[in-house]
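Chemist: With the sequence up front, the predicted model follows.
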Amino acid sequence: MAEIVIVPTPAEAGALVAEEILSLVRRTPDAVLGLATGSTPLPVYEALRARRDEVDLSRVRGFALDEYVGIDPAHPESYRNVIFREVVEPLGLDPERVHVPDGSLDGISHAGADYERRIAEAGGVDLQILGIGTDGHIGFNEPGSSFASRTRVKTLTEQTIADNARFFDSADEVPVHCITQGLGTILAARHLVLLAFGEGKAEAVAGAVEGPVSASLPGSAVQLHPHTTVVVDEAAASRLTRADYYRYAWAHKPAWQGL
């Protein structure tokens, strides 16, 4: 099963995951990170920014989870811009080493296969950062996505569009299609770190880690991975039936094991 770590605040979650990433980079200077966007991973990036002088991050490679299809690359909410604004520039990463799926309409028919090839050529993802949607999606793998799926174009649900409308002037501006790493792509990473904060994510978290494994709840795919760490605050953990055990197991975990 996934390891569940319950912390008081998102900031503490960010610090915990940042330490794991720094440890990885100390061991493997050109480590490959899977980069998520949205508000959930921001505490991780903020904690890394505060400690960027401790480790040389210039050789780190990165692959974003997804991108909107047809969005103007200059749009502030294109994930290419978001990744470079929130991750590459603050952390001093090499822009040439950080990749985002190509959501331009020209070439979209083979953009997924192109991205899969780039990930394979990099040797795969060492640590994949994930958030989870209120409907249980990870990346943009909406309910019903195949656990064997690879990077491809998906149609966003109305709920996802409504959830993401806060980043745009209106819901009408949110693109209907995206290109996203598939669940099979995500499961190929060597370590999955799923973060969730707030009461609004509690039901999705409980379903993903304690419910049945089902394509109807894509986040439940993390149960199939041999090394998954789920880091949540108390609000996001509020629906977990075995929360006391998770706290006990974390309190007694050998320090040398890390996350």
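Modeler: Sure thing, it's come through. Residues are numbered from 1 along each chain as shown.

Chemist: where in this structure is pLDDT low?
Modeler: Counting by pLDDT under 70, not a single residue of the chain qualifies.

Chemist: if you set the cut-off to 80 instead, what comes out?
Modeler: The chain contains residues with pLDDT under 80 at 1.

Chemist: Spit out the contact partners of the residue nearest to His227 when sequence neighbours are not counted.
Modeler: Excluding the flanking residues, the one nearest His227 by Cβ to Cβ, 6 or more residues apart in numbering is His191, at 4.8 Å. (Glycine included, C-beta is placed from N, CA and C.) By Cβ atoms under 8 Å, 6 or more residues apart in numbering, the residues touching His191 are Asp126, Leu127, Gln128, His227, Thr228, Thr229, Leu259.

Chemist: for the first one, what are its contacts?
Modeler: Taking Cβ under 8 Å, 6+ apart as the criterion, Asp126 is in contact with Leu24, Thr28, Ala31, Val32, Leu33, Ala189, Arg190, His191.

Chemist: residues touching the second one, list them.
Modeler: Thr28 sits next to Asp126 when contact means Cβ under 8 Å, 6+ apart.

Chemist: ok, back up a step: and of the contacts of Asp126, the nearest to Ser220?
Modeler: Ser220 has its nearest neighbour among the contacts of Asp126 in Ala189, at 16.5 Å by Cβ to Cβ.

Chemist: Help me confirm that the closest one comes into contact with Leu127.
Modeler: Yes - counting by Cβ atoms under 8 Å, Ala189 does reach Leu127; the two are 7.0 Å apart.

Chemist: Overlap in contacts, those two.
Modeler: Common neighbours of Ala189 and Leu127, using Cβ under 8 Å, 6+ apart, are Gly34.

Chemist: Please enumerate the helices of the stretch 51-200 of the chain.
Modeler: Using DSSP state H, counting those that start in this stretch, the helices of the stretch 51-200 of the chain run over residues 79-83, 89-91, 108-121, 158-164, 183-187.

Chemist: for the second one, packing partners?
Modeler: If I follow you right, that is helix 89-91. Packed against helix 89-91 by the contact rule (3 or more Cβ pairs under 8 Å, 6 or more residues apart in numbering; DSSP states H and E) you find helix 42-50.

Chemist: for the helix it packs on, the distance to its chain's centre please.
Modeler: Taking Cα atoms, centre = their mean, to the nearest Å, the mean C-alpha location of helix 42-50 is offset from the chain mean by 14 Å.

Chemist: Could I have the CA atoms of that helix written out in PDB?
Modeler: Taking Å, rounded to 0.1, in the frame of the first residue of the first chain, the C-alpha atoms of helix 42-50 are listed here in PDB:
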ATOM      1  CA  LEU A  42       3.600  25.200  -4.700                       C
ATOM      2  CA  PRO A  43       4.700  24.600  -1.100                       C
ATOM      3  CA  VAL A  44       7.300  22.100  -2.500                       C
ATOM      4  CA  TYR A  45       8.600  24.600  -5.000                       C
ATOM      5  CA  GLU A  46       8.700  27.300  -2.300                       C
ATOM      6  CA  ALA A  47      10.700  25.100   0.100                       C
ATOM      7  CA  LEU A  48      13.100  24.200  -2.700                       C
ATOM      8  CA  ARG A  49      13.600  27.900  -3.600                       C
ATOM      9  CA  ALA A  50      14.400  28.700   0.100                       C
END
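
Chemist: Show residues contacting that helix.
Modeler: 10-11, 13-15, 17-18, 21-22, 57, 86-87, 90-91, 129, 195.

Chemist: Return the set of buried residues in it.
Modeler: Counting neighbours by 16 or more other Cβ atoms under 10 Å, one finds that the buried residues in helix 42-50 are Leu42, Pro43, Val44, Tyr45, Glu46, Ala47, Leu48.
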